[in-house]
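> Here is a sequence together with a model predicted from it:
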Number of protein chains: 2
Amino acid sequence: MQMLKHNLFEQRTIGMPASCGETLFLEGEPCDEVFEIRKGMARAVSMSREGERQILAFFFPGDFIGLPLSRHHRYSVEAVTDLVHVRHSTQRWQESLARTCQEDSSMLKSVWREEKAFIERGLILGRVGALARLSAFLIVLSKHLPTEHGLCALELPQTDIASYLAASPETVCRGLKRLREMQIIAMPRRDRFAIQYPARLELLAEGILA
Amino acid sequence: MQMLKHNLFEQRTIGMPASCGETLFLEGEPCDEVFEIRKGMARAVSMSREGERQILAFFFPGDFIGLPLSRHHRYSVEAVTDLVHVRHSTQRWQESLARTCQEDSSMLKSVWREEKAFIERGLILGRVGALARLSAFLIVLSKHLPTEHGLCALELPQTDIASYLAASPETVCRGLKRLREMQIIAMPRRDRFAIQYPARLELLAEGILA
DNA sequence: CGGTGCCTTGAGTAGGTTCAATGTTTGTGG
DNA sequence: CCACAAACATTGAACCTACTCAAGGCACCG
């Protein structure tokens, strides 16, 4: 295991806490720091001039965000849950990128993960039908969320899901209800869920099942 | 002007032609080459298992695509119009990135442009109302397309627009008609358009105007 | 115990999809 | 040069989904 050597940013530094709702950085601010999520969940938010809020992506432990690809941040990032994160100096990140990107591509991968998060939403929003979008989202979520006793912790207001899916909160609520009734997911509590029939959920996500 | 020195990829190499409809690379292929668009227009396409086709992004002259952020391409790229492009070795691209990314961020910018293309679609798909999405798309397009006599060359089938906007072709057609009737855009031919009232188009895009 | 924020449910409506038919443009071969 | 085919664009009508509006329920917090 030489992973540690390659990437300065993986370990070593001490995580800082941020509490639910806190803003890590704002759209338009200069890219001085790279943020690494260690624990919890964050959201990328974009605001149109008239205050229309859109959630562009969610980020999970291991993700690096606010990469200095442009001079200023193109989106704000807020903590969805309480989280632990690390701030790295942009300059050191860039140096480390220069150093490692000839040998391996571990740091380019972190660039990729940021990009992937945005592509993912595009793919989800491109689907027809609110149930298909919701299903696709749950599948993605379940791969990132910590699981215990077979239950995913869904510490995410439905309003956020709605904003991410470009749907109304009511539609999200009804969609979840529908999935429960179809026994495809279980939700013993509002903030816990389990996928009971992954195959059927996939079918829904692909728009095959009604 | 020291731009040329920084980035190996900007000039010098000879462009190769590709004709309308041609595939530059396929989803799943290894990232051996980086593609630079010199002239024309390309589209990123993703296929779901059942053959559901989605257009994820459009690319324009100056864009670098197929960046080696992951081992395999996450989307296919096809020529929308006849185009001229350059293929760079991934290895040399990476070396050049390592060399330049300490001094300036010109190459990181090209990473950013790829990412931006995906974010852009997310922002557009997040809007409510087909007219708003279409308007937002036209605004973006008009900034990229070559203009002559005040007319943008829209060498883009409406079906592609529909796929990009996650709408049916009929809706796109009716939307364009509506914009023409409102005198916000002019379309003397099917493949030419001009924005007559940018301000009103923006309002539509923001969902303010009906 | 009352408040506040979020979730849930219902009813009515508007907007977009689908289906189907027609029109237009482009390219091809006679 | 014309005729025909294929692909794309346009239009209308019926249907249906998801949104809006509005009211009530639940849970957490002081």
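Sure, I can see it.

> So for chain A, the centremost residue is which one?
Per C-alpha atoms, centre = their mean, the C-alpha nearest to the average position across chain A is that of A:Phe58, at 2.1 Å.

> after the helix or strand harbouring A:Leu176, next one along is what?
Secondary-structure assignment from DSSP states H and E places A:Leu176 in helix A:169-181. Downstream of helix A:169-181, the next assigned helix or strand under DSSP H and E is strand A:185-189.

> Is whichever strand or helix holds A:Ile124 positioned near chain B?
Element membership for A:Ile124 (DSSP H and E) is helix A:106-125. Yes - contact of helix A:106-125 with chain B is found when judged by C-beta under 8 Å from any C-beta of the partner chain, involving A:108-109, A:111-112, A:114-116, A:118-119, A:121-123, A:125. In short, each C-beta sits where N, CA and C put it, glycine included.

> in that helix, what's buried?
Buried residues in helix A:106-125, counted by 16 or more other C-beta atoms under 10 Å in any protein chain shown: A:106-108, A:110-125.

> I would like the residues contacting the helix holding A:Leu176, please.
Contact partners of helix A:169-181, identified using C-beta atoms under 8 Å, 6 or more residues apart in numbering or on different chains, comprise A:130-131, A:134-135, A:138, A:158-159, A:161-162, A:165, A:167, A:185-187, A:201, A:204.

> of those residues, buried ones?
A:130-131, A:134-135, A:138, A:158, A:161-162, A:165, A:167, A:185, A:187, A:201, A:204.

> can you narrow those to ones near DNA strand D?
A:130-131, A:167 (C-beta under 7 Å from any atom of the strand).

> Can you tell me the closest non-neighbouring residue to A:Pro146?
Counting by C-beta to C-beta, 6 or more residues apart in numbering or on different chains, A:Ala153 is the residue found nearest to A:Pro146 once chain neighbours are left out, at 5.9 Å.

> Hmm, A:Ala44 is touching A:Ile65, no?
Yes - checked against C-beta atoms under 8 Å, the pair A:Ala44 and A:Ile65 is within contact range at 7.3 Å.

> what do these two both touch?
Once C-beta under 8 Å, 6+ apart is applied, the residues that A:Ala44 and A:Ile65 both contact turn out to be A:59, A:77.

> So for these two, which sits in the more crowded spot?
Looking at A:Ala44 and A:Ile65 with other C-beta atoms under 10 Å in any protein chain shown, you find the greater number of neighbours at A:Ala44, namely 27 against 22.

> Assign a three-state SS to the more buried one, would you?
strand (DSSP: H, G, I helix; E, B strand; the rest coil).

> if I pick it, what's in contact with it?
A:Ala44 is in contact with A:55-59, A:65, A:75-77, A:117, counting by C-beta under 8 Å, 6+ apart.

> Among those residues, name the ones in strands.
Mapping the contacts of A:Ala44 onto strands (DSSP state E) picks out A:55-59, A:65, A:76-77.

> Let me know the closest of the residues you listed to DNA strand D.
Nearest to DNA strand D out of the ones in strands among the contacts of A:Ala44 is A:Ile55 (C-beta to the nearest atom of the strand; 14.0 Å).

> before we move on, the earlier item: so the helix holding A:Ile124 versus helix B:106-125, what angle?
20 degrees (axes from the mean of the first three to the mean of the last three C-alpha atoms, to 10 degrees).

> going on from helix A:106-125, what's the next piece of helix or strand?
Next in sequence after helix A:106-125, counting helices and strands by DSSP H and E, comes helix A:130-144.
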